[in-house]
Structures are given as structure tokens and as C-alpha cells.
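Participant: test case, fold it:
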Amino acid sequence: MQPVALQSLSELERASLQELALFRLQERLPGAALSLDRDGSRGIKSIRQKLESFSKDRKECSPHTFGVPLPQVIANDRACRQLQAAVGSSRRLCLEVEATVTSFRAQRHRRLAPGTSCIRASFPEEPPPPAPRHRSGRRERRGAMSVDSITDLADNTSRLLEALQLCHPQELQPRRSRGKKRALSLNPLGWQVPRLLDRCCTHLETHGLHTVGIFRVGSSKKRVQQLREEFDRGLDVYLDEQQSVHDVAALLKEFLRDMPEPLIPRELYGAFLSTARMEGPAQLETLQLLLLLLPPCHGDTLLRLLRFLAEVARHAESSWDPQGHQIPGNKMTVSNLATVFGPNILQKEKPGEKDAGALNFEDSAAIILVLQRLIEHHHSLFMVSPEMQCDVLRRLFQTDPDVIEYLLRRKFPDMLSPEHEDPREEQPPPTWTHSLQPGSVSSELFSNISFLNLDVGI
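Facilitator: Numbering: from 1, shown residues only. Alright, predicted model coming up:
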């Protein structure tokens, strides 16, 4: 196996990986109160409290982006995309009908021209049927790509994943929850990043990397408020070169600051800060396990933000172009970025609560240090090692043996393909048993998957 991105794992694998990470963290951090239990009603309650605190002129419409829990923001964005797609489809249909009517009128006008037989004109031929609609897009939506190629899709094609997965963007619930067990998808989850954050990061990556003090210089409160209201109404806002870099930067900071639940949940605040006292590989391994506990939407959004901050830090120092002209740096080093964004990502108390802004020097320094490590090592922290993948497969082999064959075919496509199977060997049944024997599969494959017979220890 090779290290793979966390986002390429299926929903079922990510749930098992969360349980495995929790087990290992309880050994590393015995005093930390860690749990995977998440109460969905808490998010609904926070929305209700936020709405009740709004002024009367804003109560008539609920916000779509600001002050809303992250899963709800992503669900609102998805609903807006579906509405836009429906409107676009209706417009295309109207244009096709209009083109058909125009063609019919043109043919009739030519037939009713002077010198045309009245008998023929009184019985015009039926208009030709409209041209068949192009169906390539529909074929693609219905699965023209194989499941093996899903993990190679770009970020902007995550709508296909949303259609294929069994659940919509929301916080990942543990498999063994009370009540009826919800089946988890064997496909990767769609890329769950709020539209506002992605567009702000893209705009700043395009127009603001060489702006000095990109997150330090003040902005226009009026323009920022206008952009905020447009996103909050669910409008499809496009940020181009006409928007000020400082306005977009302020909008991004406001979005992170006003989130009811920060990107790193408050129950993990102490555990993340405890890694500041660690050094070397132990610190990075603990941070990686803590990141695995994040809900998919929080993890994906945090990764998108960290990628952006790392790109900003790479342009902190001045450089020179091929012609020898100096290109100014933005002066935003990793330490400066961690100082600006740390309090918005790692929050001990909710904004507005008592002692919410009273952080001692030790906590402030720890927050900056932790966020520095996240920015510097985000590439490796969101990768799943071959050892962790093997542990996940061992665990699923004990709990869900019926899905192991499907997952192995994705991880070992060459070894499980028909051309690699020996017709003289007995083929494994569709559902594998709890014991693998060398004779039940090909010898080449058995040497790679015999680790499934080992106990993961959970």
C-alpha cells in the first residue's frame, strides 16, 4: 500500500478510522476527555439561539452562511447549487422550445410567400421534431466513471460524489449510535467546504499573495457588510479583481470568527493545546490522530484553509522575476498567520461568554505553536499511512466482513483483476469468512492481505 489522502477513503473507512484514532489517543492522552458522540440537536439549538438574537429587520429571513453551524452552511450551499441547476435546465428547455417555434414560423413564412399554392399553404407540413438533447452530461452523472476513479476527481467535481454517496454533507455520526443503524457509504464523501471560504481563498490566492500585510490592513466595513449580506441571502456571489483584497480577507476572518462551533471543536481544545508541549514525531503523530476525530466537513474545511495559509506564507519574503524586478512579499509568515487565525480556529469559550477573550500567555503561545505546526505539515497530517489503512481493514474484517472484498478490489486493482486470477484456483465467495487461508485466494494476493487475520486490538 501507499499513503493516501484522508478524503479518498470511503465513509465507512473514515468512521472506523475515527474509532481507531480515539483508541490510540486515549492511550497517548489519558487525562483528556475525548469522545466521538455528537448531539445533532445542539447545532439546531445554536441556530435557534442565533436567530432569536437578531434584530427585527433580520428575523424575516434566516442566514445561509454567517453564524450558522458548518454542516448547515454546506447543506445551504448544496441547496443553492441544486436550485441554480434546476433554473439552468428550465432556461435551456425554454430556449429549445423557442428555437423550435421560430423554425416552424420561418418554414411557414416561406411556404406562404407569393406564388405558393394555397392548398399547400393551408396544410403546412408538420415541423420537424426538435433535435435530441445532448445526453453526454446525463451519462456522466449516471456513472460514466468507475468507482476506482472517484478518488482522482478534482475538487470542483465533488458534485458527482454528493450524488453517489448515501448521506448528504453533515457531521459524520458514529456507526454504533443508538436507535436504527444508518448504512455508511462505500464511496468517498464529497468535498465539504463552504462556498464562501473556498471563494475567498481562491480570490486571495489569485489577487492577494503579493499584498503587503494582507490580513493586517483595515478594510471597508460598508463593502464587507454588503458582501456578507449577499452571501447570507444565498446569492451566488462571484469575487473578481474588482473586490478589494483587504475586504475579502476581512470577510474570511469574520466567517471563521462567527462560526457557532469553530473548525476545531471546543471539546478538543485542551487536547490540541497539549501537543504544544510535545516535540518531534510524537507531536505530529498526536496532531494527526486528533485531526482524524474531526467531522468530515470540519476536516475538509480546515485542510482548505491550511493549504491557503501555507501558500500565503510561501510568498512572505520578497522575490525577483526573470527580468530582475523585485516582487514584494506580503510579510505574512507562518508565525504571523498563526497569530491572526489561531484564536478563530482554536476557541476555549464561545464568543460573548464570560472570560471568552481572557487567554493567558501560555494558552496564546500554545495556540500559535499548534497552528504553526498545522500549516507547516498539513500535507502529511491529512495523509493516512499504510499501517493505519491495514489497521482499518483488520477492524472492518472483524466488524463488516462482507465489504472487505469490495474495498480490497479498490486497493489492489491489479492483483484482483481477472487477468491476474488463476482459473485453476478456487475463487473466493462473494462474502468472505472470518478466516483467510492461502488456498482461498491467489498466492500473490494472499501475501499482501494475510494481515487481515491479525487482531487490531480494539
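
Participant: going forward, measure contacts and count neighbours with C-alpha atoms only.
Facilitator: Noted.

Participant: now do the domain split for this structure, please.
Facilitator: Taking automatic domain parsing as the criterion, the chain consists of the domains 4-37+259-383, 386-453.

Participant: can you pull out the helices in the stretch 201-350 of the chain?
Facilitator: Using DSSP state H, counting those that start in this stretch, the helices found in the stretch 201-350 of the chain span residues 221-232, 245-257, 269-274, 280-292, 296-314, 334-345.

Participant: residue 75 is nearest to which of those helices?
Facilitator: helix 296-314 (10.5 Å; C-alpha to C-alpha).

Participant: just the CA coordinates for that closest one, please, in PDB.
Facilitator: Below are the C-alpha coordinates for helix 296-314, written out as PDB (Å, rounded to 0.1, in the frame of the first residue of the first chain):
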ATOM      1  CA  PRO A 296     -15.600  15.400   7.600                       C
ATOM      2  CA  CYS A 297     -16.900  18.900   6.900                       C
ATOM      3  CA  HIS A 298     -14.600  20.400   9.600                       C
ATOM      4  CA  GLY A 299     -11.600  18.400   8.400                       C
ATOM      5  CA  ASP A 300     -12.100  19.300   4.700                       C
ATOM      6  CA  THR A 301     -12.700  23.000   5.500                       C
ATOM      7  CA  LEU A 302      -9.600  23.100   7.800                       C
ATOM      8  CA  LEU A 303      -7.500  21.500   5.100                       C
ATOM      9  CA  ARG A 304      -8.600  24.000   2.500                       C
ATOM     10  CA  LEU A 305      -7.800  26.900   4.900                       C
ATOM     11  CA  LEU A 306      -4.400  25.400   5.800                       C
ATOM     12  CA  ARG A 307      -3.500  25.000   2.200                       C
ATOM     13  CA  PHE A 308      -4.300  28.600   1.600                       C
ATOM     14  CA  LEU A 309      -2.300  29.800   4.600                       C
ATOM     15  CA  ALA A 310       0.700  27.800   3.500                       C
ATOM     16  CA  GLU A 311       0.500  29.400   0.100                       C
ATOM     17  CA  VAL A 312       0.400  32.900   1.700                       C
ATOM     18  CA  ALA A 313       3.400  32.100   3.800                       C
ATOM     19  CA  ARG A 314       5.400  30.900   0.800                       C
END
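
Participant: against which helices or strands is it packed?
Facilitator: Under the contact criterion of 3 or more C-alpha pairs under 8 Å, 6 or more residues apart in numbering; DSSP states H and E, helix 296-314 touches helix 70-111, helix 195-207, helix 334-345, helix 361-376, helix 378-381.

Participant: who wins for proximity to residue 14 among those?
Facilitator: Using C-alpha to C-alpha, the nearest of those to residue 14 is helix 378-381, at 14.8 Å.

Participant: follow-up on the earlier one: CSV for the helices of the stretch 201-350 of the chain, including mean neighbour count, distance to residue 24 and mean pLDDT?
Facilitator: CSV is the format used below for the helices of the stretch 201-350 of the chain (neighbours: other C-alpha atoms under 10 Å; distance: least, C-alpha to C-alpha, whole Å; pLDDT from 0 to 100):
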stretch, mean neighbour count, distance to residue 24, mean pLDDT
helix 221-232, 16, 40, 94
helix 245-257, 21, 30, 95
helix 269-274, 19, 13, 94
helix 280-292, 18, 8, 95
helix 296-314, 20, 19, 96
helix 334-345, 20, 24, 95
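
Participant: next, format the ones you listed as JSON lines and append distance to residue 395.
Facilitator: Putting those into JSON lines (distance: least, C-alpha to C-alpha, whole Å) gives the following:
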{"stretch": "helix 221-232", "distance to residue 395": "43"}
{"stretch": "helix 245-257", "distance to residue 395": "36"}
{"stretch": "helix 269-274", "distance to residue 395": "25"}
{"stretch": "helix 280-292", "distance to residue 395": "16"}
{"stretch": "helix 296-314", "distance to residue 395": "20"}
{"stretch": "helix 334-345", "distance to residue 395": "32"}
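
Participant: wait, which of those helices is closest to residue 33?
Facilitator: When the helices of the stretch 201-350 of the chain are compared by C-alpha to C-alpha, helix 269-274 sits nearest residue 33, at 8.3 Å.

Participant: check the gap between the closest residue to residue 367 other than its chain neighbours and residue 25 for me.
Facilitator: Closest residue in space to residue 367, ignoring its immediate chain neighbours: residue 342 at 5.8 Å, by C-alpha to C-alpha, 6 or more residues apart in numbering. Look at residue 342 and residue 25: by C-alpha to C-alpha, to the nearest Å, they are 23 Å apart.

Participant: ok, residue 215 next?
Facilitator: Counting by C-alpha to C-alpha, the gap from residue 215 to residue 25 is 35 Å.

Participant: ok, these two, which is more surrounded?
Facilitator: residue 215 (24 against 20; other C-alpha atoms under 10 Å).

Participant: for the more buried one, list the residues it contacts.
Facilitator: 246, 249, 250, 332, 340 (C-alpha atoms under 8 Å, 6 or more residues apart in numbering).

Participant: can you do 10 Å?
Facilitator: 208, 245-250, 252-253, 330-332, 336-337, 340-341 (C-alpha atoms under 10 Å, 6 or more residues apart in numbering).

Participant: pop out the phi and psi values for it.
Facilitator: In terms of degrees, to the nearest 10, the main-chain angles of residue 215 are phi -110, psi 10.

Participant: per-residue pLDDT, it?
Facilitator: pLDDT recorded at residue 215 is 93.

Participant: could you do residue 80 as well?
Facilitator: Reported pLDDT for residue 80: 86.

Participant: number of residues surrounding it?
Facilitator: By other C-alpha under 10 Å, neighbour count at residue 80 equals 16.

Participant: and the closest residue to residue 340 other than its chain neighbours, how close does it get to residue 252?
Facilitator: Setting aside the residues directly before and after it, residue 340 is nearest to residue 215 in space (C-alpha to C-alpha, 6+ apart), at 7.6 Å. Per C-alpha to C-alpha, residue 215 is found 10 Å from residue 252.
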